[in-house]
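Enquirer: Based on what follows, work out the 3D shape:
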Amino acid sequence: MPFATTNPYTGETLKTFPNATDEEIVAAIGRADTAFTAWRETSFAERATVMRSAAEILRRDIETYAPLLTLEMGKLIAEARAEVELSAAIFDYYADNAERLLQPETLPVADPAEGVATLVCDPLGVLLAIEPWNFPYYQIARIIAPQLSAGNTMLLKHASNVPQSALAFETLMIEAGLPEGAFINLFAGHNQIELILGDPRVHGVALTGSEAAGASVAAAAGQALKKSTMELGGADAFVVLKDADLAKTVKWAVFGRHWNGGQVCVSSKRMIVADEIYDQFVAQYTQGVAALRMGDPFDPETTLAPLSSQKAADDLRAMIAKAVEHGATATEVGPEAPNQGAFVRPTILTDIGEDNPARYWEFFGPVSMLFRAKDEADAVRIANDSPFGLGGSVFTSDTKHGAEVAGKISTGMVFVNHPTMVKADLPFGGVRRSGYGRELLGLGIKEFVNHKLINVVDIDAPF
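Expert: Purely as a prediction, here's the structure:
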């Protein structure tokens, strides 16, 4: 697939980039490996200086970085600015915390004869990051900030529709003072992933993307005996208990499903509502969704972004049609989609039976699935009736009870009275078909280190 910037609002292809050759990829791996031999020896203070500088540059030049996101994948300009700030916060987090998170740990040994046992975290080397288009900067920051802070070096294979965002981040890190070769953007094709992972100088891969991409890359990593982490799809449950503050809950539901054009793995895709308030919720939710305004994502009055491409819009409509074929009811909400832009009119799906395969799909766009729960136990059952397990939320007036219900939902992250949130100081990751491994915090920085035991023993030999 060619790397190209195509504005999802105008449909205009603005710039294209040639794919990297195999020779260029092998050369880049060599540069990253050479950079690793020096970067691994730098102090945490030196690495922190680079991270903090990257954060400062992002904030200083936010009006340069943010519009590029809107141009390449259609993100609302206000959301683009928020993504730049979130990325800066991640760099700051690791500048502040990396040394503490990777501090050597003295182990409490049972027998004094075992000596002094210490667990240290050594960097592995060159890593590959494969990232998606829906958060072009945040996805990069989420992997490179911890891994560079740990002493690894990084290769990036970004989505083909955000090449300028990828290049902007490469330039950012050079300006921030990162040594040449420590972070390299590659316009690599899917067919070149095995080449990269098969190189002995590459020691692992972190992917955020679709189930299909994750399965393919995980297989290639496994074949090469390389460590991998997978952050894949999600169909987050948005559980509304009968005592929820309905006005507040509806507002969060509209936001939770439609931010970033509904193109978020942790978007509130499945709304599971207690029978007692289901009809009220549907009426108010429909009214809230209908008030969303589609249009130019650079216009501050626009509240619903276009999808990332016309193909994405066409594919989503086809999924809706298939859901209806299998018995679901699709209700389009609000004004007709504009003639210009890769828009899909917001759609609410109901009557999604357990025999309808759409019940288990991820709709990546402004499509909401609504379920009526007979009682709390039924709500939990429906929430867990999914191949995914990424995020989720529970809405209730009793937050203590909400936490108890959250404990029964099988997923990587559950929030009470808020849709799934992404922050610099919260972990991110899921279970089942949502992938494995965690990003951010100490969990993320330790995914690609050698947990090495150093044991000092000073006793006489037995013979």
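Enquirer: Show the residue spans covered by the helices in the stretch 351-463 of the chain.
Expert: Assigned helices in the stretch 351-463 of the chain, in chain order: 376-384, 399-406, 441-445 (criterion: DSSP state H, counting those that start in this stretch).
Enquirer: CA atoms only: put the first one into PDB for me.
Expert: The C-alpha atoms that make up helix 376-384 are tabulated as PDB, following Å, rounded to 0.1, in the frame of the first residue of the first chain:
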ATOM      1  CA  GLU A 376     -27.600  -6.200  36.800                       C
ATOM      2  CA  ALA A 377     -26.500  -9.800  36.300                       C
ATOM      3  CA  ASP A 378     -27.800  -9.700  32.800                       C
ATOM      4  CA  ALA A 379     -25.900  -6.500  32.100                       C
ATOM      5  CA  VAL A 380     -22.600  -8.100  33.300                       C
ATOM      6  CA  ARG A 381     -23.400 -11.200  31.200                       C
ATOM      7  CA  ILE A 382     -23.900  -9.100  28.000                       C
ATOM      8  CA  ALA A 383     -20.800  -7.000  28.800                       C
ATOM      9  CA  ASN A 384     -18.700 -10.200  29.000                       C
END
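Enquirer: got the angle between it and helix 399-406?
Expert: Angle, helix 376-384 to helix 399-406, by axes from the mean of the first three to the mean of the last three CA atoms, to 10 degrees: 50 degrees.
Enquirer: what's in contact with helix 376-384?
Expert: Here helix 376-384 makes contact (CB atoms under 8 Å, 6 or more residues apart in numbering) with 237, 239, 241, 270, 272-274, 371, 373, 392, 405, 408-411. All C-beta atoms are positioned from the backbone trio N, CA, C, and that covers glycine.
Enquirer: nearest to residue 420, of those residues?
Expert: Ranked by distance to residue 420 (CB to CB), the contacts of helix 376-384 are led by residue 392 at 6.6 Å.
Enquirer: Now do the contacts for the closest one.
Expert: Counting by CB under 8 Å, 6+ apart, residue 392 touches 236-239, 383, 406, 409, 411, 413-415, 420.
Enquirer: Kindly report the same for residue 236.
Expert: Residue 236 is in contact with 256, 266-270, 388, 390-393, 411, 419-420, counting by CB under 8 Å, 6+ apart.
Enquirer: Swap in 6 Å and give it another go.
Expert: 266, 268-269, 391-392, 420 (CB atoms under 6 Å, 6 or more residues apart in numbering).
Enquirer: Need the nearest residue in space to it, chain neighbours excluded.
Expert: Spatial nearest neighbour of residue 236, chain neighbours left out: residue 391 (4.5 Å); criterion: CB to CB, 6 or more residues apart in numbering.
Enquirer: and if you look at residue 310?
Expert: Using CB to CB, 6+ apart, the closest residue to residue 310 is residue 342 (4.7 Å).
Enquirer: Contacts only, for that neighbour.
Expert: Residue 342 touches 8, 306-307, 309-310, 313, counting by CB under 6 Å, 6+ apart.
Enquirer: What values do phi and psi take at it?
Expert: Main-chain torsions, residue 342, degrees, to the nearest 10: phi -90, psi 60.
Enquirer: ditto for residue 126
Expert: Dihedral angles (degrees, to the nearest 10) for residue 126: phi -80, psi 130.
Enquirer: what do you get for residue 49?
Expert: Backbone torsions of residue 49, given as degrees, to the nearest 10, read phi -60, psi -40.
Enquirer: Show the model's pLDDT score for it.
Expert: The model reports residue 49 with a pLDDT of 98.
Enquirer: For it, which non-adjacent residue is spatially closest?
Expert: Of all residues not flanking residue 49 in the chain, residue 177 sits nearest, at 6.6 Å (CB to CB, 6+ apart).
Enquirer: can I assume that neighbour sits in a strand?
Expert: No: counting by DSSP: H, G, I helix; E, B strand; the rest coil, residue 177 is not found in a strand; it is coil.
Enquirer: From what I see, it and residue 50 are in contact.
Expert: Yes: using CB atoms under 6 Å, residue 177 and residue 50 qualify as a contacting pair, with a distance of 4.8 Å.
Enquirer: More neighbours: the two, which one.
Expert: Just comparing residue 177 and residue 50: by other CB atoms under 10 Å the higher neighbour count belongs to residue 50, 23 against 14.
Enquirer: Put the alpha carbons of the helix or strand that one falls within into PDB.
Expert: Element membership for residue 50, per DSSP states H and E: helix 44-60. The C-alpha trace of helix 44-60 is given here as PDB (Å, rounded to 0.1, in the frame of the first residue of the first chain):
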ATOM      1  CA  PHE A  44      18.700   8.200  32.900                       C
ATOM      2  CA  ALA A  45      19.400  12.000  33.300                       C
ATOM      3  CA  GLU A  46      20.600  12.300  29.700                       C
ATOM      4  CA  ARG A  47      17.600  10.300  28.400                       C
ATOM      5  CA  ALA A  48      15.200  12.400  30.500                       C
ATOM      6  CA  THR A  49      16.600  15.600  29.000                       C
ATOM      7  CA  VAL A  50      15.600  14.300  25.500                       C
ATOM      8  CA  MET A  51      12.200  13.300  26.700                       C
ATOM      9  CA  ARG A  52      11.500  16.600  28.300                       C
ATOM     10  CA  SER A  53      12.800  18.500  25.300                       C
ATOM     11  CA  ALA A  54      10.400  16.600  23.100                       C
ATOM     12  CA  ALA A  55       7.500  17.500  25.400                       C
ATOM     13  CA  GLU A  56       8.500  21.200  25.300                       C
ATOM     14  CA  ILE A  57       8.800  21.300  21.500                       C
ATOM     15  CA  LEU A  58       5.300  19.700  21.100                       C
ATOM     16  CA  ARG A  59       3.800  22.300  23.400                       C
ATOM     17  CA  ARG A  60       5.700  25.200  21.800                       C
END
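Enquirer: Would you reformat the helices of the stretch 351-463 of the chain as a markdown table and include mean neighbour count?
Expert: Listed next are the helices of the stretch 351-463 of the chain as a markdown table, based on neighbours: other CB atoms under 10 Å:
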| stretch | mean neighbour count |
| --- | --- |
| helix 376-384 | 19 |
| helix 399-406 | 16 |
| helix 441-445 | 20 |
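Enquirer: Which among those is found nearest to residue 95?
Expert: Nearest to residue 95, of all those, is helix 441-445, at 12.2 Å by CB to CB.
Enquirer: from the chain's centre, how far out does that closest one sit?
Expert: Centre-to-centre, helix 441-445 and its host chain are 15 Å apart (CA atoms, centre = their mean, to the nearest Å).
Enquirer: Point out where the chain drops to low pLDDT.
Expert: Applying pLDDT under 70 to the chain flags residues 1.
Enquirer: Got the domain ranges for it?
Expert: Domains of the chain are assigned by automatic domain parsing as 3-233+426-454, 237-416.
Enquirer: now the ones you listed in JSON lines, with distance to residue 461?
Expert: Shown next, in JSON lines, are these (distance: least, CB to CB, whole Å):
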{"stretch": "domain 3-233+426-454", "distance to residue 461": "12"}
{"stretch": "domain 237-416", "distance to residue 461": "49"}
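Enquirer: closest one to residue 462 among those domains?
Expert: Comparing the domains of the chain against residue 462 with CB to CB, the closest turns out to be domain 3-233+426-454 (10.7 Å).
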